[in-house]
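> Mind looking at a prediction? Sequence and model below.
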2 protein chains.
Amino acid sequence: MTENRQDEVVVVSFDELTDLLERIFIRHGVSAPNAAILARNCAACQRDGSHSHGIFRIPGYVSTLNSGWVDGAAVPVVDDTGGAYIRVDAKNGFTQPAFFAARDLLVDRVKEHGIGLLAIRRSHHFSALWPDVEPFAEEGLVALAFVNSMTCVVPHGGTRPLYGTNPIAFAAPRKDEPPFVFDLATSAIANGDVQIAAREGRLLPEGMGVDKDGKPTRDPKEILNGGALLAFGGHKGSTFALMVEILAAALTGGFFSGEFDWSEFKGAQTPKTGQLFIVIDPERGGNGVFRERVSEICALTVEAGQSRLPGDRRLLERQRSAREGIALSAADHAMLLSKLA
Amino acid sequence: MTENRQDEVVVVSFDELTDLLERIFIRHGVSAPNAAILARNCAACQRDGSHSHGIFRIPGYVSTLNSGWVDGAAVPVVDDTGGAYIRVDAKNGFTQPAFFAARDLLVDRVKEHGIGLLAIRRSHHFSALWPDVEPFAEEGLVALAFVNSMTCVVPHGGTRPLYGTNPIAFAAPRKDEPPFVFDLATSAIANGDVQIAAREGRLLPEGMGVDKDGKPTRDPKEILNGGALLAFGGHKGSTFALMVEILAAALTGGFFSGEFDWSEFKGAQTPKTGQLFIVIDPERGGNGVFRERVSEICALTVEAGQSRLPGDRRLLERQRSAREGIALSAADHAMLLSKLA
């Protein structure tokens, strides 16, 4: 760990950051195995430049844990149907430990049947979605994930928020290069990015959200203060947000984004909803060139003039972090240390 | 069949229209079983007000069949992997007969394993996607479908078209009401709607497409004449279009939207690509209230102020057609009869 007072930056390695985050989680009631999973997930977001899901989320994690809203020590219960459909009750814990409790079984079933489904309920997802799907593609599988969150998006043409930011993530292996991975909120902007803009006092572009009276606004504070986000892409994006409510909540047995009641838990910030994974083994299809074909269509997209593919920036940030370490502002580093107290 | 000269309208029943279309398909080389499937599909689009995929497509079907580009009498070959992953080689025929060749097997596997996948390749899809998924939901299943088409959409920020209109369709059963079904092109507008606007001499809204030099235009003729469409919702919609290329073509073993060569087949209009289905049995998840939950989130969407859900207009048109018959313009009816000659 090196500290540079001049730039007010603290540089840490991935392992150092993971270790620090793990101790913070444990300090606030997360069990050791769950803390290891959450710390790695959060450190990966910070490492890869997903700043709205990195250490920026730690105060929210801590506040939520201290409120009693989430059980950091929850032991998820896996319900193996014997087929390609696996359910997990997260038991009011975080989604990622529930996911890892069933992940190996899911991969076995995908290899056996060609496709598999993992439905997680009573779970709290408070991070990016790409860390959940990328490792499947690193193993040669294709993965889709859907998670609903907390009410902040107005249905198209509507006046009141109903959906969460409801991201959809996708990962597919490529030939001799990292997987193609995307993680897209179906809102016009991610909630975390609105929070960061509010913190930094920046205005948002047009079309991102509305104030508490349903009127368009560019002020992130007005959006956060009783306002709401819009879906991306008009009625189509709004329809995908609705589909995510159906897949991640109705199908799993989890709560809709507007349904859970955390009013008794002051400081709670994590949505208690559901998450759905669909994982496919492309080799099962007898199409031996799948990786090559994914690489090919990605290359053609760049040839057609798209300057950057989803995930490109993340991979560059990851390489830089590996080379130079992860740079935290001194203020952020101090914030992390304060959570150990 | 009743004819009203004053309004220049010919009213037909669903069965009458299906029968007429079936005879047209057979007249142009489609085998009897394939013709029955295509006729029913096309008549359903017309009945439900999906006019850009109804009888409007018949000249294109006929032109393509006569060009030799598609084999109307193709006998699809089903490759049963013994698991939940089924492949079909459409043998250069239309997608719908390939789909029906494997549909019952797919449903069996979904019931057995909880989820199933159907991958169709070497197939021509020239219709709407909702008729493919809706019947699964009528049987209580959840279905997702992806189909790529022909190059006409520019990747986000790019200069040349690469993707097709690449729709995504979804269906889920509801309680005591018809299924929730959507069918959304990932282009800003459907190709058929551009063709209809061109025919009717209407300008399009802003943001739908570009001319042959990559410049934004509202003129549908300029879009069709060497121009291209934009994806819906900026970079996110473009990313979903790319995902459809990966799922419907790379995964199935079909062609990308920009890959097939029909230059030797004058009059060919049908894209020869691939189609992917993912079908889920919600009952397998042990969540006995899935239908109720889908109805609930749909009702909440309307309560939040969205005036119309995807599929609502289709259901109203379907009811009207059942009540009043299907009204064809005299010109359209004459066009159909001319295809029997």
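Noted; the coordinates are in hand.
> what's the closest non-adjacent residue to the one residue in the stretch 201-341 of chain A that gets nearest to chain B?
Using CB to the nearest CB, A:G233 is the residue of the stretch 201-341 of chain A that sits closest to chain B, at 2.3 Å. Every residue, glycine included, has its C-beta placed from N, CA and C. With CB to CB, 6 or more residues apart in numbering or on different chains as the criterion, A:G233 has its nearest non-adjacent residue at 2.3 Å, and that residue is B:G233.
> where does the one you found land on pLDDT?
In this model, B:G233 is scored at 94, pLDDT.
> Does the residue of the stretch 201-341 of chain A closest to chain B touch B:K236 like I think?
Yes - A:G233 lies in contact with B:K236 (CB atoms under 8 Å); the separation is 6.4 Å.
> Residues that sit against both of these two, list them.
In terms of CB atoms under 8 Å, 6 or more residues apart in numbering or on different chains, A:G233 and B:K236 are not both contacted by any residue.
> so when I look at A:R121, I'm seeing a strand, right?
Yes - A:R121: assigned to a strand according to DSSP: H, G, I helix; E, B strand; the rest coil.
> contacting residues for the closest residue in space to A:G114 that isn't next to it in sequence?
Setting aside the residues directly before and after it, A:G114 is nearest to B:Y85 in space (CB to CB, 6+ apart), at 2.6 Å. B:Y85 makes contact with A:113-115, A:280-281, A:284-285, B:116-117, B:119, according to CB under 8 Å, 6+ apart.
> The residues you listed into JSON lines, with extra columns for secondary structure and distance to B:S31?
Compiled in JSON lines, the contacts of B:Y85 are given as follows (DSSP: H, G, I helix; E, B strand; the rest coil; distance: CB to CB, whole Å):
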{"residue": "A:H113", "secondary structure": "helix", "distance to B:S31": "33"}
{"residue": "A:G114", "secondary structure": "coil", "distance to B:S31": "30"}
{"residue": "A:I115", "secondary structure": "strand", "distance to B:S31": "31"}
{"residue": "A:I280", "secondary structure": "strand", "distance to B:S31": "32"}
{"residue": "A:D281", "secondary structure": "coil", "distance to B:S31": "34"}
{"residue": "A:R284", "secondary structure": "helix", "distance to B:S31": "30"}
{"residue": "A:G285", "secondary structure": "helix", "distance to B:S31": "27"}
{"residue": "B:G116", "secondary structure": "strand", "distance to B:S31": "27"}
{"residue": "B:L117", "secondary structure": "strand", "distance to B:S31": "27"}
{"residue": "B:A119", "secondary structure": "strand", "distance to B:S31": "23"}
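> among those residues, which ones are buried?
A:113-115, A:280-281, A:284-285, B:116-117, B:119 (16 or more other CB atoms under 10 Å in any protein chain shown).
> out of those, who's nearest B:G254?
Distances from B:G254 to those, taken as CB to CB, are shortest for B:A119 (8.4 Å).
> so that closest one makes contact with B:G253?
Yes - the pair B:A119 and B:G253 passes the contact test of CB under 8 Å, sitting 7.3 Å apart.
> shared neighbours, the two?
Counting by CB under 8 Å, 6+ apart, the common neighbours of B:A119 and B:G253 are A:285, B:87, B:274.
> Now the helix or strand harbouring A:N34: buried residues?
Here A:N34 sits within helix A:32-47, counting by DSSP states H and E. With burial defined by 16+ other CB under 10 Å, the residues of helix A:32-47 counted as buried are A:34-47.
> A:R103 belongs to a strand, doesn't it?
No - A:R103 sits outside any strand when classified using three-state DSSP, being helix.
> who's in contact with it?
Counted by CB under 8 Å, 6+ apart, A:R103 has contacts A:L118.
> Could you report the pLDDT at it?
pLDDT, A:R103: 97.
> Near chain B, which residues of the stretch 51-200 of chain A are found?
A:79, A:81, A:83-85, A:87, A:112-117, A:119, A:142, A:154-162, A:170, A:172, A:180, A:182, A:184 (CB under 8 Å from any CB of the partner chain).
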